[in-house]
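Trainee: When you get a sec, could you give me coordinates for this:
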Amino acid sequence: MVSSRCALYISEILSEISYQLEDDRKSLSRLARCCKAFSDPALDVLWRRMSLFSPFIPLLPPKVLTLWVEYQFSAESIAGFQRPPMHEWKAFDAYARRVRILYSGASHFLAGVATIRTDFNVFPFLRSMSMQLQEPIQPGIRLFPETLQTLEISGPAYINCKDSCIQAALAHAARDAPFLKHLHVEDYSYNSDRLDTPPLHFKYLRSVEISAFISSNVLKSLCCVLSQSPVIELKIELPPTSCIWDTPQSLFPHLERLEIHGTPALAEAFITNVSSVCVRSLTVRHSRGPVRLADCSQLFSTIVNKYGTSLQSLSLTISRSPVLHNHDGMAHDIMDALFPLMPNFEHLEELHLSLPSATQVDDYPAVEASGWPALRRVEFMAT
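Mentor: Just a heads-up that it's a prediction; the model follows:
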């Protein structure tokens, strides 16, 4: 019994017990209140991942709470508001510093608190943040702590993002979160044809995902800006409109893993302008828009010429197209175009095909895996 009681004085054991209850918030809450020894470890886990701002509202200083309840942090109410002294933020900060993952939803509350506390990080030890921007970020505030490593910026697709919200958010992140590794921009309907973003210095950015409803020109500008960082993984949704990708700047020179959502023609145009020749994993997913055999053939040729010596995994999905009537025939034509090129992939180990057909790959006579240098796995599915 003595040794059991002593174990509860070891902080690592208390933390492990608390993490085992991470999905049981009621038990964590009870644990935090049962004794002083368990309080901090349980509260750390309880507040580690937050999806709502409502638990922080009662912790606001009295005058700030009134400002939120009566005026919802309107610009007029915040203007000229005298910031409360630090000791009034003690309760708020005691819990805010425990947050590591924040799904903030609408950013209005966070922006309001950050505006009141200028040059102060509201959540100073945050590692991951997902936020929905409906208004531009003011220049003087700090939404992103330097500990931030993952950032997802989104906005409702039915609202045009005015006043350069995307570039303002990226500029703030580059300034305040220099160690950012993962960036995701999604669900935007952008009302401009230009992206006037100054050079960004994401020295550690490795992974980028762009699934935004933005114009081709804005997407091109965004890619040029992010290509200045050492990105090795890119997932991108190409707009259905054509885009002239030709640019004097190298696009993603360090890329190793690439996933493209778009038609074969758009995917081919994008791959042509990616400067990296060391892509090891390539996925092309077509879900809407026209598909033509000539576009698929050109795509395969470009992939072979560019990544024949580096590619290890290739995944291709072609959905049913309204311009096609004989989907089985199209599936065979695609394989006829692809399979003769397979020996040129020196290190390809995995091939995944999802084609508009009910045909099984075993029924296709040209599948001779023994003639493909390094291939270990072939998967065929019907879309």
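Trainee: Double-check I318 against H352; I have them as touching.
Mentor: No. Counting by CB atoms under 8 Å, I318 does not reach H352; the two are 11.9 Å apart. C-betas here are computed from N, CA, C, even on glycine.
Trainee: Could you list every helix and strand that the strand or helix carrying K235 packs against?
Mentor: Element membership of K235 [criterion: DSSP states H and E] is strand 233-237. In terms of contacts (3 or more CB pairs under 8 Å, 6 or more residues apart in numbering; DSSP states H and E), strand 233-237 is packed against strand 207-213, strand 257-261.
Trainee: Which of those strands has the lowest mean pLDDT?
Mentor: If you rank the helices and strands packed on strand 233-237 by mean pLDDT, strand 207-213 sits at the bottom with a mean of 85.
Trainee: when you compare where that strand runs with where strand 233-237 runs, what's the angle?
Mentor: Strand 207-213 runs at 10 degrees relative to strand 233-237, counting by axes from the mean of the first three to the mean of the last three CA atoms, to 10 degrees.
Trainee: and strand 207-213, how far out from the chain's middle?
Mentor: 6 Å (CA atoms, centre = their mean, to the nearest Å).
Trainee: send the alpha carbons of it over as PDB?
Mentor: Extracted in PDB, the C-alpha atoms of strand 207-213 (Å, rounded to 0.1, in the frame of the first residue of the first chain):
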ATOM      1  CA  SER A 207       3.200  20.000 -45.900                       C
ATOM      2  CA  VAL A 208       0.700  22.100 -47.800                       C
ATOM      3  CA  GLU A 209      -2.900  21.400 -48.600                       C
ATOM      4  CA  ILE A 210      -5.000  23.800 -50.800                       C
ATOM      5  CA  SER A 211      -8.600  22.900 -51.300                       C
ATOM      6  CA  ALA A 212     -10.000  26.400 -51.800                       C
ATOM      7  CA  PHE A 213     -12.600  27.800 -54.200                       C
END
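Trainee: which strands and helices sit next to the next helix or strand after it?
Mentor: Using DSSP H and E, the helix or strand that follows strand 207-213 in sequence is helix 216-226. In terms of contacts (3+ CB pairs under 8 Å, 6+ apart), helix 216-226 is packed against helix 165-176, strand 182-190, strand 207-213.
Trainee: Kindly present those as a markdown table, with separate columns for distance to S29 and mean neighbour count.
Mentor: Shown next, in a markdown table, are those (distance: least, CB to CB, whole Å; neighbours: other CB atoms under 10 Å):
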| stretch | distance to S29 | mean neighbour count |
| --- | --- | --- |
| helix 165-176 | 32 | 20 |
| strand 182-190 | 31 | 19 |
| strand 207-213 | 34 | 19 |
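Trainee: Mind telling me which of those the model trusts least?
Mentor: In terms of mean pLDDT, the lowest-scoring of those is strand 182-190 (a mean of 75).
Trainee: remind me, longest helix of this protein?
Mentor: helix 293-307 (DSSP state H).
Trainee: Flag every buried residue along that one.
Mentor: D295, C296, S297, Q298, L299, F300, T302, I303, V304, K306, Y307 (16 or more other CB atoms under 10 Å).
Trainee: mean confidence for that helix?
Mentor: Mean pLDDT, computed over helix 293-307, is 94.
Trainee: Next, the angle strand 257-261 makes with it.
Mentor: Using the same axes, to 10 degrees: helix 293-307 against strand 257-261 is 170 degrees.
Trainee: between the helix or strand just after helix 293-307 and strand 257-261, how many degrees?
Mentor: Per DSSP H and E, the first helix or strand lying C-terminal to helix 293-307 is strand 313-318. With the same axes, to 10 degrees defining the directions, strand 313-318 sits at 0 degrees from strand 257-261.
Trainee: could you say what helices and strands strand 313-318 packs with?
Mentor: strand 281-286, helix 327-338, strand 350-355.
Trainee: Mean neighbour count added to these, as a markdown table?
Mentor: Converted to a markdown table, the helices and strands packed on strand 313-318 look like this (neighbours: other CB atoms under 10 Å):
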| stretch | mean neighbour count |
| --- | --- |
| strand 281-286 | 21 |
| helix 327-338 | 18 |
| strand 350-355 | 20 |
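Trainee: Would you single out the least confident of these?
Mentor: Among the helices and strands packed on strand 313-318, helix 327-338 scores lowest, at a mean of 78.
Trainee: what sits against the residue lying closest to I334 once chain neighbours are set aside?
Mentor: The shortest distance from I334 to any non-neighbouring residue, by CB to CB, 6 or more residues apart in numbering, is to C296 (5.3 Å). The contact partners of C296, by CB atoms under 8 Å, 6 or more residues apart in numbering, come to P264, I318, I334, A337, L338.
Trainee: Quick check: the closest residue to the fourth one other than its chain neighbours vs P264, distance?
Mentor: Counting by CB to CB, 6+ apart, S297 is the residue found nearest to A337 once chain neighbours are left out, at 4.5 Å. Counting by CB to CB, to the nearest Å, the gap from S297 to P264 is 9 Å.
Trainee: ditto for R30
Mentor: Where P264 is concerned, R30 sits at a distance of 57 Å (CB to CB).
Trainee: Neighbour count: the two, which is higher?
Mentor: Between R30 and P264, P264 has the larger neighbour count (other CB atoms under 10 Å), namely 25 against 13.
Trainee: so who does that one touch?
Mentor: Contacts of P264 were listed using CB under 8 Å, 6+ apart, and they are V284, H286, V291, R292, D295, C296, Q298, L299, I318.
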